[in-house]
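Colleague: how does the following fold in three dimensions:
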Amino acid sequence: MTPLELVTHTPLDTPAVPAPKGAHRLWGGRFGSRSSAIMDAVNRSIGVDFRLWPFDIKLSKAWAVALWSAGVLTLDESKALERGLDAVGVRLADGEQPIDTDEDIHTMIDRLLHDEAGDVASKLHTGRSRNDQVATASRMWTIDACAKLDAAVRELQLTLLGQADTLQDALLPAYTHMQRAIPVSGAHWLLSHFWPLERDRQRLAVAARNTSSLPLGSGAVAGCAFPISRVLLKGALGFASLSRNSIDAVADRDFVAEVVFALSLMGTHLSRLAEDLILYGSSEFGFVKFGDEYTTGSSMMPQKRNPDALEIARGSAARLVGDLVSLLSMLKGLPSGYNKDLQDDKRAMFDAVDTMHLVLPAVSGAIGELTFDTQRMKLAVSSMMMATDLADYLVEKGVTFREAHKAVGTLVRQCESTGQELHTLPHSSFTLAHAAFGDDVYEALSPRRSLERREVEGGTGPNAVKAQIELAKACLAPVSEGRGNELALMVG
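Modeller: Numbering: from 1, shown residues only. Alright, predicted model coming up:
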């Protein structure tokens, strides 16, 4: 590929169709000659923003009505534009492809509208700039994307809940510093990955609300010179509020940064979940067994089963963080108003959303077909992990925790030197460590009792876990008001 071919490559399913004589442009009257092929290639964004077309058509129809309400268009002209835009939408839905001079999707739609509606199409752009047009279409796409992502995260949460239901009575070592710490319920561990995802859904909901500020009517930078009703545009397009400053409105990409941040953090949460499962599925742990549909084999070693879906989820987190860094780095140096650098905002946004739409169902599928070896999980719980419970036992006898910690520490040291577990030590070892140890000391070394003592809200006690599962189910219950509505406010 030549350097020019590299820059002009358009990532659509089919290559761009050669342009007819007399290219269609939204600008150029003040130029004496056409721009170079390299400039056209660098400037061309339709390979990225093509997917905005349904939203661009919808906002353009609303703009046609607004121009009629402002007295700029006659009713017949407005209706002709609406019919033309509908026809363009049909052509695009049927697979219409761009031509070489379609700089972006907005130019392509304008060209097709001239085909369908004739000269009246030249009136549609009155009072409107691509600056506020692009910002509006991008916001509409973004809120729609937030709603779809919320549904995908919810499916993963439901899968986690389904597995957690079966593991309420299963014992599992909890880890700190990757060292066995204290026993917990298997359900409690799974739910520790449910709640970060719930926070991710909340972040997406907030991002969707913040995105729902209408920039249309801001013009290139100073606002529209015609008396269009932005309030009517807001209602027609389903926005929640109006932008307050036209300079800010065309340059604001906070909503993109918020969504990409939410997705990069979600990717981080999925990566941590994947890492747990990859470790637990290894022969060394053996807590879970992977299924057939979301694993692969080795081209060389017949015995291998590789958790590739989870590994790809883990690796994708880095890509999402990269999208966020590239976006923020681009935004940080921009002067006020619109700048062409902002064309790259959609690359970061679309890549992050597309990545998550692949990763979320893959992780959900991989978790759904897991089999948990509860016996192996239980065998990994040793009496040494009840050292904290042993110290608590002494506290209940009136001993200070520091003194209890020291006494149990001497017992742990003895176990390490003799290769024993706490429950195998003779009673004399306990009384030697502290006189407060009684005949009931061995009861404090029961893993099941350790769980039962932790019934605080959010703890791993059986009743606390049941309450946590019910709370998690309530978070996923369909609602007619509140957050679910907010996520959908731009779809209709």
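Colleague: measure how buried residue 51 is and give me the count.
Modeller: 14 (other Cβ atoms under 10 Å). Using the backbone N, CA and C atoms, a C-beta is placed for each residue, glycine as well.
Colleague: just to check, it is in contact with residue 350?
Modeller: Yes. Between residue 51 and residue 350 there is a contact under Cβ atoms under 8 Å: 7.1 Å.
Colleague: is residue 181 in a helix, a strand, or coil?
Modeller: strand (DSSP: H, G, I helix; E, B strand; the rest coil).
Colleague: now do the same contact list for it.
Modeller: The contact partners of residue 181, by Cβ atoms under 8 Å, 6 or more residues apart in numbering, come to 173-175, 385.
Colleague: among these, which two are most distant?
Modeller: Using Cβ to Cβ, those span at most 10.3 Å, a distance reached by 175 and 385.
Colleague: more neighbours: which of the two?
Modeller: The residue with more neighbours, out of residue 175 and residue 385, is residue 385; 22 against 14, by other Cβ under 10 Å.
Colleague: report the contact partners of the more buried one.
Modeller: 173, 180-183, 447, 450.
Colleague: need the per-residue pLDDT for residue 223.
Modeller: Per-residue confidence for residue 223 comes out at a pLDDT of 97.
Colleague: right, I mislabeled it, should have said residue 487
Modeller: pLDDT recorded at residue 487 is 39.
Colleague: for stretch 455-471, which residues meet the burial criterion?
Modeller: For stretch 455-471, a neighbour-count test (16 or more other Cβ atoms under 10 Å) marks 459-462, 464-465, 468-469 as buried.
Colleague: what's the spacing between stretch 266-283 and its chain's center?
Modeller: Averaging C-alpha positions (Cα atoms, centre = their mean, to the nearest Å) puts stretch 266-283 17 Å from its chain's average.
Colleague: got it, and stretch 41-50?
Modeller: 25 Å.
Colleague: what does stretch 78-92 give?
Modeller: With Cα atoms, centre = their mean as the basis, stretch 78-92 stands 34 Å off its chain's centre.
Colleague: find the nearest non-adjacent residue to residue 376, please.
Modeller: residue 286 (4.7 Å; Cβ to Cβ, 6 or more residues apart in numbering).
Colleague: SS state for that neighbour?
Modeller: Relying on three-state DSSP, one would call residue 286 coil.
Colleague: enumerate every residue touching it.
Modeller: Neighbours of residue 286 in contact, by Cβ under 8 Å, 6+ apart: 280, 373, 376.
Colleague: which of those residues has the most neighbours?
Modeller: So for the contacts of residue 286 (other Cβ under 10 Å), the most neighbours sit at residue 280, 21 neighbours.
Colleague: so that residue makes contact with residue 290?
Modeller: No. Between residue 280 and residue 290 there is no contact under Cβ under 8 Å: 10.1 Å.
Colleague: show me where the stretch 251-400 of the chain has strands.
Modeller: Assigned strands in the stretch 251-400 of the chain, in chain order: 288-289, 371-372 (criterion: DSSP state E, counting those that start in this stretch).
Colleague: which of these has the highest mean neighbour count?
Modeller: strand 288-289 (a mean of 18; mean count of other Cβ atoms under 10 Å).
Colleague: how far does that one sit from its chain's centre?
Modeller: 26 Å.
Colleague: and it, which strands flank it?
Modeller: Strands that pair with strand 288-289, judged by DSSP bridges, come out as strand 371-372 (antiparallel).
Colleague: give me the residues contacting the partner strand.
Modeller: 163, 166-167, 170, 186, 287-289, 291.
Colleague: OK, contacts around residue 452?
Modeller: 461-462.
Colleague: next one: it, what pLDDT does it get?
Modeller: Here, the pLDDT recorded for residue 452 equals 96.
Colleague: kindly report the same for residue 219.
Modeller: In this model, residue 219 carries a pLDDT of 97.
Colleague: wait, it sits on residue 126?
Modeller: No. Contact criterion Cβ under 8 Å: residue 219 and residue 126 do not qualify, at 10.7 Å.
Colleague: neighbour count: the two, which is higher?
Modeller: Neighbour count, other Cβ under 10 Å: between residue 219 and residue 126, residue 219 has more, with 20 against 16.
Colleague: what secondary structure does that one sit in?
Modeller: Three-state call for residue 219 (three-state DSSP): coil.
Colleague: and it, how far is that from residue 242?
Modeller: 14 Å (Cβ to Cβ, to the nearest Å).
Colleague: my guess is residue 57 meets residue 87, correct?
Modeller: No. Counting by Cβ under 8 Å, residue 57 stays clear of residue 87, with 10.0 Å between them.
Colleague: pick out whichever of these two has more residues nearby.
Modeller: Between residue 57 and residue 87, residue 57 has the larger neighbour count (other Cβ under 10 Å), namely 23 against 15.
Colleague: list the residues that contact the more buried one.
Modeller: 85-86, 88-89, 92, 109.
Colleague: same question, residue 278
Modeller: Going by Cβ under 8 Å, 6+ apart, residue 278 touches 307, 310-311, 314.
Colleague: of the residues you listed, which is the most crowded?
Modeller: Result: residue 310 is most packed of the contacts of residue 278 (other Cβ under 10 Å), 26 neighbours.
Colleague: list the contacts of it.
Modeller: Going by Cβ under 8 Å, 6+ apart, residue 310 touches 274, 277-278, 294, 363, 366.
Colleague: phi and psi next, for the nearest residue to residue 374 once chain neighbours are set aside.
Modeller: Leaving aside its chain neighbours, residue 374 sits nearest to residue 170 (4.3 Å; criterion: Cβ to Cβ, 6+ apart). Dihedral angles of residue 170 (phi, psi; degrees, to the nearest 10) stand at phi -80, psi 140.
Colleague: now do residue 170, the pLDDT please.
Modeller: Listed pLDDT for residue 170 reads 97.
Colleague: ok, it touching residue 185?
Modeller: Yes. Assessed by Cβ under 8 Å, residue 170 is found in contact with residue 185 at 6.6 Å.
Colleague: ok, these two, which is more surrounded?
Modeller: In terms of neighbours (other Cβ under 10 Å), residue 185 is the more surrounded of residue 170 and residue 185; the figures are 26 against 21.
Colleague: please tell me how far that one sits from residue 197.
Modeller: Going from residue 185 to residue 197 by Cβ to Cβ gives 19 Å.
Colleague: kindly report the same for residue 418.
Modeller: For residue 418, the distance to residue 197 - Cβ to Cβ - is 45 Å.
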